[in-house]
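>>> Curious how this folds, go ahead:
(one chain, ligands or ions: 3)
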Amino acid sequence: PLVTSKEMFQKAYEGGYAVGAFNVNNMEIIQGIVEAGKEENAPLILQVSAGARKYAKPVYLRKLVEAAIEDTGLPIVLHLDHGENFEICKACVDDGFTSVMIDGSKHPFEENIAITKQVVEYAHERGVVVEAELGKLAGIEDNVKVTEREATFTDPDQAVEFVERTGVDSLAVAIGTSHGAYKFKGEPKLDFERLEKITKMLPGFPLVLHGASTVLPEFVESCNKYGGSIPGAKGVPEEMLKKAAGMGVCKINIDTDLRLAMTASVRKYLAENPSEFDPRKYLGAGRDAIKEMVRHKIKNVLGCNGK
Ligand SMILES: O=C(COP(=O)(O)O)N(O)CCCCO
Ligand code: NA
Ligand SMILES: [Zn+2]
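Ligands and ions are numbered 1, 2, ... in the order given. As a prediction, this is how the structure comes out:
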(Lines give C-alpha, C1' and ligand atoms only; values in the text may rest on other atoms or scores of the structure.)
(Ligands and ions follow the chains in the order given, each with its own letter.)
Protein backbone atom coordinates (compact mmCIF):
# COMPACT_ATOMS: atom_id res chain seq x y z
CA PRO A 1 0.00 0.00 0.00
CA LEU A 2 0.92 3.71 -0.27
CA VAL A 3 2.01 4.69 3.26
CA THR A 4 3.62 7.60 5.10
CA SER A 5 7.02 7.09 6.72
CA LYS A 6 5.73 7.71 10.28
CA GLU A 7 5.53 4.10 11.47
CA MET A 8 8.36 3.06 9.12
CA PHE A 9 10.75 5.44 10.87
CA GLN A 10 9.60 4.53 14.38
CA LYS A 11 10.35 0.87 13.65
CA ALA A 12 13.64 1.76 11.97
CA TYR A 13 14.74 3.88 14.93
CA GLU A 14 13.91 1.19 17.48
CA GLY A 15 15.33 -1.57 15.28
CA GLY A 16 18.59 0.26 14.55
CA TYR A 17 18.18 0.03 10.78
CA ALA A 18 17.36 2.48 7.98
CA VAL A 19 14.94 2.52 5.05
CA GLY A 20 16.31 3.17 1.58
CA ALA A 21 15.07 6.27 -0.25
CA PHE A 22 15.70 5.72 -3.95
CA ASN A 23 15.29 8.36 -6.63
CA VAL A 24 13.05 7.33 -9.52
CA ASN A 25 12.89 8.77 -13.06
CA ASN A 26 11.57 6.04 -15.37
CA MET A 27 9.95 2.61 -15.53
CA GLU A 28 13.10 0.46 -15.46
CA ILE A 29 14.56 2.26 -12.44
CA ILE A 30 11.28 1.86 -10.52
CA GLN A 31 10.96 -1.80 -11.53
CA GLY A 32 14.55 -2.61 -10.52
CA ILE A 33 14.11 -1.03 -7.08
CA VAL A 34 10.71 -2.54 -6.42
CA GLU A 35 11.70 -6.05 -7.56
CA ALA A 36 14.57 -5.88 -5.06
CA GLY A 37 12.18 -4.74 -2.33
CA LYS A 38 9.85 -7.60 -3.15
CA GLU A 39 12.60 -10.22 -3.02
CA GLU A 40 13.92 -8.86 0.31
CA ASN A 41 10.46 -8.09 1.70
CA ALA A 42 11.57 -4.57 2.55
CA PRO A 43 9.70 -1.25 2.91
CA LEU A 44 10.67 1.30 0.25
CA ILE A 45 10.75 5.06 -0.17
CA LEU A 46 10.51 6.04 -3.84
CA GLN A 47 11.52 9.67 -4.11
CA VAL A 48 10.89 12.10 -6.93
CA SER A 49 12.97 15.25 -7.49
CA ALA A 50 11.84 18.37 -9.33
CA GLY A 51 14.03 17.19 -12.21
CA ALA A 52 12.28 13.83 -12.30
CA ARG A 53 8.88 15.56 -12.48
CA LYS A 54 10.14 17.61 -15.45
CA TYR A 55 11.73 14.59 -17.16
CA ALA A 56 8.90 12.05 -16.79
CA LYS A 57 5.87 14.29 -16.03
CA PRO A 58 4.15 13.83 -12.64
CA VAL A 59 1.28 11.71 -13.95
CA TYR A 60 3.61 9.03 -15.38
CA LEU A 61 5.58 8.77 -12.13
CA ARG A 62 2.42 8.63 -10.03
CA LYS A 63 0.92 5.88 -12.20
CA LEU A 64 4.18 3.90 -12.27
CA VAL A 65 4.35 4.00 -8.46
CA GLU A 66 0.68 2.99 -8.25
CA ALA A 67 1.53 0.08 -10.56
CA ALA A 68 4.47 -0.91 -8.34
CA ILE A 69 2.19 -0.99 -5.29
CA GLU A 70 -0.48 -3.00 -7.12
CA ASP A 71 2.16 -5.40 -8.47
CA THR A 72 3.96 -6.05 -5.16
CA GLY A 73 1.70 -5.09 -2.23
CA LEU A 74 4.80 -3.59 -0.53
CA PRO A 75 4.56 -0.64 1.89
CA ILE A 76 5.80 2.19 -0.34
CA VAL A 77 6.24 5.89 0.44
CA LEU A 78 5.96 8.34 -2.44
CA HIS A 79 8.23 11.24 -1.39
CA LEU A 80 9.18 14.58 -2.90
CA ASP A 81 12.96 15.01 -2.70
CA HIS A 82 14.38 18.52 -2.17
CA GLY A 83 11.22 20.55 -2.58
CA GLU A 84 12.48 24.10 -3.14
CA ASN A 85 9.38 26.06 -2.15
CA PHE A 86 5.89 25.79 -0.71
CA GLU A 87 4.30 25.57 -4.18
CA ILE A 88 6.01 22.34 -5.29
CA CYS A 89 5.38 20.76 -1.87
CA LYS A 90 1.69 21.73 -2.09
CA ALA A 91 1.49 20.36 -5.65
CA CYS A 92 2.85 17.00 -4.52
CA VAL A 93 0.61 16.82 -1.45
CA ASP A 94 -2.34 17.54 -3.75
CA ASP A 95 -0.99 14.91 -6.19
CA GLY A 96 -1.20 12.13 -3.58
CA PHE A 97 2.39 12.05 -2.26
CA THR A 98 2.57 10.67 1.30
CA SER A 99 5.73 12.59 2.23
CA VAL A 100 7.43 15.79 1.07
CA MET A 101 10.79 17.43 1.76
CA ILE A 102 10.98 21.19 2.00
CA ASP A 103 14.68 22.00 1.67
CA GLY A 104 15.13 25.44 3.21
CA SER A 105 18.79 24.81 4.06
CA LYS A 106 20.04 27.52 1.72
CA HIS A 107 18.04 30.15 3.66
CA PRO A 108 19.01 31.77 6.98
CA PHE A 109 17.73 29.92 10.06
CA GLU A 110 14.55 31.97 10.59
CA GLU A 111 13.53 31.77 6.91
CA ASN A 112 14.13 28.01 6.93
CA ILE A 113 11.84 27.75 9.96
CA ALA A 114 9.15 29.91 8.38
CA ILE A 115 8.94 28.03 5.09
CA THR A 116 9.15 24.65 6.85
CA LYS A 117 6.29 25.59 9.20
CA GLN A 118 4.16 26.62 6.22
CA VAL A 119 4.68 23.25 4.52
CA VAL A 120 4.17 21.29 7.78
CA GLU A 121 0.83 23.03 8.35
CA TYR A 122 -0.44 22.27 4.84
CA ALA A 123 0.88 18.70 4.78
CA HIS A 124 -0.18 17.62 8.28
CA GLU A 125 -3.69 18.92 7.59
CA ARG A 126 -3.81 16.27 4.85
CA GLY A 127 -2.04 13.40 6.63
CA VAL A 128 1.26 13.90 4.80
CA VAL A 129 4.63 13.89 6.63
CA VAL A 130 7.42 16.42 6.15
CA GLU A 131 11.23 16.21 5.95
CA ALA A 132 13.33 19.37 6.31
CA GLU A 133 17.05 20.13 6.18
CA LEU A 134 19.26 22.09 8.56
CA GLY A 135 22.90 22.68 7.67
CA LYS A 136 24.38 22.48 4.18
CA LEU A 137 25.63 19.30 2.52
CA ALA A 138 29.35 19.66 1.77
CA GLY A 139 30.11 19.94 -1.91
CA ILE A 140 32.09 23.08 -1.15
CA GLU A 141 35.01 20.75 -0.44
CA ASP A 142 37.76 22.42 -2.41
CA ASN A 143 39.66 25.51 -1.26
CA VAL A 144 37.64 25.68 1.95
CA LYS A 145 39.31 25.20 5.34
CA VAL A 146 37.92 22.31 7.39
CA THR A 147 36.62 24.70 10.04
CA GLU A 148 34.69 26.71 7.45
CA ARG A 149 33.29 23.48 5.99
CA GLU A 150 32.20 22.22 9.39
CA ALA A 151 30.49 25.55 10.01
CA THR A 152 27.98 24.43 7.37
CA PHE A 153 27.25 21.19 9.24
CA THR A 154 24.10 20.80 11.35
CA ASP A 155 24.34 22.54 14.73
CA PRO A 156 22.81 20.22 17.40
CA ASP A 157 21.42 23.09 19.49
CA GLN A 158 19.81 24.68 16.43
CA ALA A 159 18.38 21.28 15.48
CA VAL A 160 16.43 21.06 18.74
CA GLU A 161 14.98 24.54 18.30
CA PHE A 162 14.24 23.87 14.62
CA VAL A 163 12.30 20.66 15.33
CA GLU A 164 10.36 22.21 18.22
CA ARG A 165 9.38 25.33 16.28
CA THR A 166 8.46 23.64 12.99
CA GLY A 167 6.81 20.36 14.03
CA VAL A 168 8.66 18.62 11.20
CA ASP A 169 8.64 14.78 11.12
CA SER A 170 12.24 14.09 10.11
CA LEU A 171 15.41 16.12 9.64
CA ALA A 172 18.13 15.84 7.00
CA VAL A 173 21.46 16.52 8.71
CA ALA A 174 24.79 17.68 7.26
CA ILE A 175 27.67 15.70 8.75
CA GLY A 176 30.07 15.55 5.78
CA THR A 177 28.19 13.96 2.89
CA SER A 178 27.45 15.67 -0.43
CA HIS A 179 25.44 14.84 -3.55
CA GLY A 180 26.96 13.23 -6.61
CA ALA A 181 29.92 11.00 -7.42
CA TYR A 182 32.80 13.12 -6.05
CA LYS A 183 32.12 13.31 -2.33
CA PHE A 184 35.60 13.32 -0.87
CA LYS A 185 38.95 14.57 -2.16
CA GLY A 186 40.85 12.76 0.57
CA GLU A 187 39.74 9.96 2.90
CA PRO A 188 35.96 9.64 3.35
CA LYS A 189 35.00 11.06 6.76
CA LEU A 190 31.68 11.70 8.52
CA ASP A 191 31.23 13.70 11.74
CA PHE A 192 29.84 10.91 13.97
CA GLU A 193 30.42 12.91 17.15
CA ARG A 194 28.08 15.54 15.77
CA LEU A 195 25.54 12.87 14.78
CA GLU A 196 25.69 11.36 18.26
CA LYS A 197 25.19 14.78 19.87
CA ILE A 198 22.12 15.42 17.69
CA THR A 199 20.56 12.06 18.62
CA LYS A 200 21.22 12.68 22.34
CA MET A 201 19.46 16.05 22.11
CA LEU A 202 16.63 14.68 19.93
CA PRO A 203 16.14 11.13 21.23
CA GLY A 204 13.84 9.06 19.02
CA PHE A 205 13.59 11.74 16.34
CA PRO A 206 14.16 10.35 12.80
CA LEU A 207 17.21 11.69 10.97
CA VAL A 208 17.89 11.52 7.23
CA LEU A 209 21.24 11.10 5.47
CA HIS A 210 21.51 12.72 2.05
CA GLY A 211 24.42 12.20 -0.34
CA ALA A 212 24.71 8.63 0.91
CA SER A 213 25.70 6.79 -2.27
CA THR A 214 28.83 4.66 -1.95
CA VAL A 215 29.77 5.26 -5.62
CA LEU A 216 30.33 1.50 -5.94
CA PRO A 217 33.79 0.81 -7.44
CA GLU A 218 32.58 -2.03 -9.68
CA PHE A 219 30.33 0.41 -11.55
CA VAL A 220 32.93 3.17 -11.68
CA GLU A 221 35.43 0.69 -13.19
CA SER A 222 32.85 -0.58 -15.67
CA CYS A 223 31.86 2.93 -16.72
CA ASN A 224 35.52 3.84 -17.28
CA LYS A 225 36.22 0.56 -19.09
CA TYR A 226 33.35 0.90 -21.58
CA GLY A 227 33.75 4.46 -22.82
CA GLY A 228 32.93 6.49 -19.73
CA SER A 229 35.23 8.88 -17.87
CA ILE A 230 34.58 9.39 -14.15
CA PRO A 231 38.06 9.16 -12.63
CA GLY A 232 38.35 9.82 -8.89
CA ALA A 233 34.67 9.20 -8.20
CA LYS A 234 34.31 8.38 -4.49
CA GLY A 235 31.41 7.97 -2.05
CA VAL A 236 30.46 6.92 1.47
CA PRO A 237 31.91 3.54 2.60
CA GLU A 238 29.13 1.08 3.47
CA GLU A 239 30.50 0.57 6.98
CA MET A 240 29.83 4.25 7.70
CA LEU A 241 26.28 3.96 6.39
CA LYS A 242 25.65 0.95 8.64
CA LYS A 243 27.00 2.87 11.61
CA ALA A 244 24.73 5.83 10.84
CA ALA A 245 21.72 3.50 10.46
CA GLY A 246 22.36 2.30 14.01
CA MET A 247 22.55 5.89 15.29
CA GLY A 248 19.16 7.47 14.62
CA VAL A 249 19.41 7.74 10.84
CA CYS A 250 16.15 6.21 9.55
CA LYS A 251 16.27 7.22 5.86
CA ILE A 252 19.30 6.87 3.61
CA ASN A 253 19.12 8.63 0.21
CA ILE A 254 20.56 6.82 -2.81
CA ASP A 255 20.54 8.24 -6.36
CA THR A 256 24.10 8.21 -7.71
CA ASP A 257 24.54 4.44 -7.10
CA LEU A 258 21.37 3.86 -9.15
CA ARG A 259 22.69 6.08 -11.96
CA LEU A 260 26.05 4.27 -11.94
CA ALA A 261 24.45 0.80 -11.91
CA MET A 262 22.28 1.72 -14.90
CA THR A 263 25.01 3.55 -16.82
CA ALA A 264 27.72 0.90 -16.26
CA SER A 265 25.41 -1.89 -17.41
CA VAL A 266 24.13 -0.06 -20.48
CA ARG A 267 27.67 0.88 -21.51
CA LYS A 268 28.86 -2.71 -21.01
CA TYR A 269 25.92 -4.24 -22.86
CA LEU A 270 26.27 -1.90 -25.85
CA ALA A 271 30.05 -2.43 -26.00
CA GLU A 272 29.64 -6.22 -25.92
CA ASN A 273 26.69 -6.35 -28.32
CA PRO A 274 27.51 -3.85 -31.10
CA SER A 275 24.87 -5.23 -33.46
CA GLU A 276 22.03 -5.08 -30.89
CA PHE A 277 19.67 -2.12 -31.04
CA ASP A 278 16.62 -3.28 -29.06
CA PRO A 279 16.24 -0.87 -26.09
CA ARG A 280 14.70 -3.68 -24.03
CA LYS A 281 18.06 -5.44 -24.13
CA TYR A 282 20.25 -2.65 -22.75
CA LEU A 283 17.57 -1.04 -20.56
CA GLY A 284 16.83 -4.52 -19.26
CA ALA A 285 20.50 -4.99 -18.40
CA GLY A 286 20.36 -1.70 -16.51
CA ARG A 287 17.21 -2.76 -14.69
CA ASP A 288 18.82 -6.02 -13.60
CA ALA A 289 21.91 -4.20 -12.30
CA ILE A 290 19.73 -1.80 -10.32
CA LYS A 291 17.80 -4.69 -8.82
CA GLU A 292 20.96 -6.48 -7.65
CA MET A 293 22.49 -3.28 -6.31
CA VAL A 294 19.35 -2.39 -4.33
CA ARG A 295 19.09 -5.94 -2.96
CA HIS A 296 22.69 -5.63 -1.77
CA LYS A 297 21.99 -2.28 -0.10
CA ILE A 298 18.84 -3.58 1.61
CA LYS A 299 20.52 -6.71 2.98
CA ASN A 300 24.08 -5.59 3.70
CA VAL A 301 23.79 -1.89 4.51
CA LEU A 302 20.28 -0.72 5.43
CA GLY A 303 19.17 -3.83 7.34
CA CYS A 304 15.48 -3.27 6.49
CA ASN A 305 14.97 -6.68 4.84
CA GLY A 306 11.98 -8.51 6.30
CA LYS A 307 10.95 -5.46 8.35
O1 LIG B 1 20.68 12.74 -1.27
C2 LIG B 1 20.44 12.37 -2.43
C3 LIG B 1 21.26 11.26 -3.09
O4 LIG B 1 22.61 11.55 -3.01
P5 LIG B 1 23.68 10.67 -3.85
O6 LIG B 1 24.14 11.55 -4.97
O7 LIG B 1 24.78 10.35 -2.87
O8 LIG B 1 23.01 9.43 -4.34
N9 LIG B 1 19.41 12.91 -3.13
O10 LIG B 1 18.59 13.79 -2.52
C11 LIG B 1 19.17 12.59 -4.55
C12 LIG B 1 19.30 13.85 -5.41
C13 LIG B 1 20.73 14.28 -5.53
C14 LIG B 1 21.33 13.90 -6.88
O15 LIG B 1 22.21 12.85 -6.78
NA1 NA C 1 18.04 3.84 12.19
ZN1 LIG D 1 19.67 15.00 -1.22
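>>> And for the top strand by length along the chain, what's in contact with it?
Using DSSP state E to define each element, the chain has its longest strand at strand 76-83. Strand 76-83 has contacts (CB atoms under 8 Å, 6 or more residues apart in numbering) with 1-5, 8, 21, 23, 34, 37, 43-50, 62, 65, 68-69, 88-89, 92, 96-103, 119, 131, 253. Every C-beta, even on glycine, is put in place using the N, C-alpha and C of the backbone.
>>> out of these, which are inside strands?
21, 23, 44-48, 99-102, 131, 253.
>>> out of those residues, which touch ligand 1?
Restricting these to those touching ligand 1 (CB under 6 Å from any ligand atom) yields 23, 253.
>>> got CSV for the ones in strands among the contacts of strand 76-83, with pLDDT, neighbour count and distance to F219 too?
Formatted as CSV, those follow (pLDDT from 0 to 100; neighbours: other CB atoms under 10 Å; distance: CB to CB, whole Å):
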residue, pLDDT, neighbour count, distance to F219
A21, 98, 27, 19
N23, 98, 22, 16
L44, 98, 31, 21
I45, 98, 27, 22
L46, 98, 25, 21
Q47, 98, 26, 20
V48, 98, 26, 23
S99, 98, 27, 28
V100, 98, 27, 30
M101, 98, 30, 26
I102, 98, 28, 32
E131, 98, 30, 27
N253, 98, 25, 17
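>>> buried residues in the longest strand of the chain?
Buried residues in strand 76-83, counted by 16 or more other CB atoms under 10 Å: 76-83.
>>> Redo the residues you listed as a markdown table? Include pLDDT and distance to K243.
Output for the buried residues of strand 76-83, formatted as a markdown table (pLDDT from 0 to 100; distance: CB to CB, whole Å):
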| residue | pLDDT | distance to K243 |
| --- | --- | --- |
| I76 | 98 | 27 |
| V77 | 98 | 24 |
| L78 | 98 | 29 |
| H79 | 98 | 24 |
| L80 | 98 | 28 |
| D81 | 98 | 23 |
| H82 | 98 | 25 |
| G83 | 98 | 29 |
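>>> where along the stretch 51-200 of the chain do the strands fall?
76-83, 99-102, 129-134, 170-173 (DSSP state E, counting those that start in this stretch).
>>> Pipe those into a markdown table and attach distance to G306 per row.
Shown next, in a markdown table, are these (distance: least, CB to CB, whole Å):
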| stretch | distance to G306 |
| --- | --- |
| strand 76-83 | 16 |
| strand 99-102 | 22 |
| strand 129-134 | 23 |
| strand 170-173 | 23 |
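>>> Adding distance to ligand 2, write these out as CSV.
Below are those laid out as CSV (distance: least, CB to the ion, whole Å):
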stretch, distance to ligand 2
strand 76-83, 15
strand 99-102, 17
strand 129-134, 15
strand 170-173, 11
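>>> count of neighbours near the closest residue to ligand 1 within the stretch 51-200 of the chain?
Residue of the stretch 51-200 of the chain nearest ligand 1, by CB to the nearest ligand atom: H179 (4.1 Å). The number of residues packed near H179 is 17, by other CB atoms under 10 Å.
>>> Could you pull up the residues touching it?
H179 is in contact with 137, 139, 210-211, 255-256, counting by CB under 8 Å, 6+ apart.
>>> who wins for most neighbours among those residues?
That'd be H210 among these, by other CB under 10 Å, with 25 neighbours.
>>> ok, so what distance separates the nearest residue to that residue once chain neighbours are set aside from A271?
Of all residues not flanking H210 in the chain, N253 sits nearest, at 4.8 Å (CB to CB, 6 or more residues apart in numbering). The gap separating N253 from A271 is 30 Å, by CB to CB, to the nearest Å.
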